[in-house]
Each structure stands twice: as C-alpha cells, then as structure tokens.
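# Give me the fold of what follows.
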Amino acid sequence: MSVDNRKKILLIAPKTFGYEERIIEALEKLNYDVYFLSDTIFDSKVFKIFLRLLPKMGGALLSLCYRSHLQSYENNFFSKILVIRGEGLSEKTLSYIQERFSSAKKILYLWDNFKNIKRIRQKLKYFDVVYSFDSQDCSNEGELIFRPLFYLDEYARKSGSAITRNGKIFFIGTLHSNRTKILYSIIKENPSLNFDYYLYCRTPLEYCFQYITDKNLRGLNQERIIFRPMAADEVRQKILNSECVLDMQHPSNSGLTIRTFEALAVGAKLITFNHHIMDYDFYNHNLVHVLNFDNFIIDAKFLNKNGSFISKEFYEKYSIYTFLQDILG
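Numbering: from 1, shown residues only. Sure, this is the predicted structure:
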C-alpha cells in the first residue's frame, strides 16, 4: 500500500507504561498514519490529581486544549478515531469530535472496569462501537462487545527456543487497593518459595502515607519498592526467566490483564486470583493456577508440573495486530 493510500487514525489513549507507543507502532504496521493525543494531554501527576479533585474545572481546561489540537484537521481527515479508556475526555470534547469528524468511525475500548472510569456510561453515545476487556461488564451493559487484551510481539515464544528458568515467582505492579495485603499474605504463607517482586509507587509522598497507615507494606522488603516504572525490556526478561508470574488484577475487574497474555505467550506459568480465566479458550490447569482470597497457599504440585505449550490459536487470536484489526473492523 502506498503512503498516499494509508488511512489516517486518531488515537486518544492514556500513557501507560509505554503501551500506547506499542499500539502506535502496531497501527503503523497495519498501514495507518497515526495521530496521537494523550487521554489527559497534560501528563503531570499534579494535573491528574487536580482533574480528579475538580473534574468540572479540569474538564473545561482539557476541552479547550483538545479543541485547540483538533481545529487544524478537516472533517474527512481521519477515517477512524480510537479512544482507549476515555476518562479524560469530557462530553463536551466528545460532542466536538463527533461534530467535527462526522465521517470518521469512532471506537471506544475499555481496558478498565466501568466502576473505575468516571462518568463513562454517559459517554457511550458518542461512539459507533464500544469494546471492553471485562466480560462481566459486557454481560451487564448491552452496548459493550467483549474483546480481551493482547500480548506484544516480543513476548511470543519462538519455536524450538531453549529457556532457562530461575525457579522464581515474579510480580510487578502498582501500589494500590489491597495489593500489599495480598502480597504479604502470599509470601508469609509460602516461606519456601522464591519471590522476585516489585511494587511501583507513584510518589515518595504516597509511599510515606502508605508506610504509616499500612502494616502490610511495612512487612515487605522496602528495597522492593520502586519509584520509577521498570523498563519494558527488564520486565520482559524477568518474565522470560521466571518459573511463574503472579498476576493481581484490580479488585473490581474481571477482565484479564495484559500481564496474563504476556506471561502465557512467553511460556511461563501463571498464578492469578482471576477465576474468570477458567472461562477462556486457552485455559490450561498445567499452566494456570487460580488462587482465592481465603487460601494463599500455592500448590507445590503446580510448580513441579511440566508446562504445556500454548496453542498456535492463542498466538494468532491474542496478538496486538489481531486485537487492533478486531476492534477497528
């Protein structure tokens, strides 16, 4: 396809550990010219706090900024507009996008639960189609189409490749909700297991508050608290070398995280609290161990089982390219 025939797409998404950059790369490989705007435009932590505390004032400021960015593009400039999550977009901004780009197909993808995205229900009417990673939300909301997340190219296990596992259970995640309690309980209940874990804390101030108020955080190795996101290459290498990956979804989410697909694609075993994984077409009890919140003991038999290879169909269905082709139509 010539450059002149490439379709133009506007991507509006949060900046999340570099995944937005990988989505852009994948869209370009699918012959799109990509124009990107951050979900909040202003990416400072201070502004995000301001937006949550004063949503009307913050939303009005964001609306002005979006209008300024989008005014230079004509009605037929974009063939498609893909919004991921969409919390930072006010209804005023969405109405402006709908009017100015009336010919563009507008797609919303939710990689978070309805409960975690403020005023999302009121925004659905501005889109032609809405997808969600959460099967329960799709069951409860008639307008949503279920489409799970994806893995990135570099996580696809190469055929015949030899991998040396280090016997460790790897976890990395952002400090929020009840994660410290769960992580502390798992480590305490499984003293013979080797955990390689990291908790990302957004600010030292947040860490100080949590340290004072959270006894479970104080019980963890403080050297495992990090204040900068771990580099993507380092995360991948740790997943590649680990025996198991521990995944903890947000308590309100039933959808599978990207980490789930990354771990399985690379050939590692997975330990998760998300029992909904048993409903997926790729579920294999030799590869996936489901814990519950009443029992944090990890079954040693699972760790000692020989792993099974994920099917070819998994790699085809859950690649980032198939994901984007599915939701863009």
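# For stretch 9-24, which residues meet the burial criterion?
9-14, 17, 19-20, 22-24 (16 or more other CB atoms under 10 Å). Heads up, the C-betas are built off the backbone N, CA and C, glycines and all.
# got it, and stretch 183-198?
Residues of stretch 183-198 classed as buried by neighbour count (16+ other CB under 10 Å): 183-187, 190, 193, 195-198.
# Same check on stretch 247-264?
Buried, per 16+ other CB under 10 Å, within stretch 247-264: 247-250, 253-264.
# Kindly report the same for stretch 283-294.
For stretch 283-294, the neighbour count (16+ other CB under 10 Å) marks 284, 287-291 as buried.
# outside of stretch 134-153, which residues touch it?
Residues outside stretch 134-153 that contact it (CB atoms under 8 Å, 6 or more residues apart in numbering) are 22, 109-114, 121, 124, 129-133, 253-258, 260-262, 264-265, 276, 279-280, 318-320, 322-323, 326-327.
# same question for it, mean pLDDT?
Stretch 134-153 carries an average pLDDT of 94.
# can you give me the end-to-end distance of it?
23 Å (CA to CA, to the nearest Å).
# Going forward, count from 793.
Happy to do that; since the first residue is 793 now, the last one works out to stretch 926-945.
# buried stuff in it?
For stretch 926-945, burial by neighbour count (16+ other CB under 10 Å) applies to 926-930, 933, 936, 939-944.
# Show me where the stretch 793-942 of the chain dips below the pLDDT cut-off.
The stretch 793-942 of the chain contains residues with pLDDT under 70 at 793-796, 833-847, 850-851.
# All the helices of it, in order from the start?
811-821, 837-845, 847-862, 883-892, 927-932 (DSSP state H, counting those that start in this stretch).
# could the ones you listed be laid out in TSV, adding distance to residue 1002?
Output for the helices of the stretch 793-942 of the chain, formatted as TSV (distance: least, CB to CB, whole Å):
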stretch	distance to residue 1002
helix 811-821	25
helix 837-845	16
helix 847-862	24
helix 883-892	34
helix 927-932	29
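# I'd like to know which of those is closest to residue 963.
When the helices of the stretch 793-942 of the chain are compared by CB to CB, helix 811-821 sits nearest residue 963, at 18.5 Å.
# Pull the residues that contact that closest one.
So helix 811-821 is contacted by 801, 803, 805-806, 826, 828, 830, 876, 944, 1050, 1112-1113, 1116 (CB under 8 Å, 6+ apart).
# Okay, strands next: where are they in the stretch 843-992 of the chain?
Ranges of strands in the stretch 843-992 of the chain, per DSSP state E, counting those that start in this stretch, are 872-876, 897-902, 921-924, 936-938, 961-966, 987-992.
# where's the shortest one relative to the chain centroid, distance-wise?
In terms of CA atoms, centre = their mean, to the nearest Å, the gap separating the centre of strand 936-938 from the centre of its chain is 17 Å.
# ok so, going back, quick one: closest of the strands of the stretch 843-992 of the chain to residue 1010.
strand 987-992 (12.5 Å).
# Low-confidence bits of the stretch 993-1121 of the chain, can you list those?
Within the stretch 993-1121 of the chain, the ranges that satisfy pLDDT under 70 run 1099-1100.
# so where do the helices sit in it?
996-1005, 1007-1010, 1024-1033, 1050-1058, 1092-1096, 1104-1109, 1112-1120.
# quick one: contacts of stretch 900-912?
Contacts with stretch 900-912, where a contact means CB under 8 Å, 6+ apart, come from 847, 874-879, 883, 913, 915-916, 919, 921-926, 929, 932-933, 936, 939, 941, 1042, 1044-1047, 1119.
# Ok, stretch 949-969 next?
971, 975, 985-994, 998-999, 1002, 1009, 1017, 1022, 1027, 1030-1040, 1042-1043, 1057-1060, 1063, 1090, 1101-1102.
# For that stretch, measure first residue to last.
33 Å.
# just stretch 1036-1052 next, same as before
11 Å.
# Next up, the contacts around the residue nearest to residue 1103 when sequence neighbours are not counted.
Spatial nearest neighbour of residue 1103, excluding adjacent residues (CB to CB, 6 or more residues apart in numbering): residue 1074 at 6.7 Å. Each residue near residue 1074 by CB under 8 Å, 6+ apart is listed here: 1056, 1102-1103, 1105-1106, 1110.
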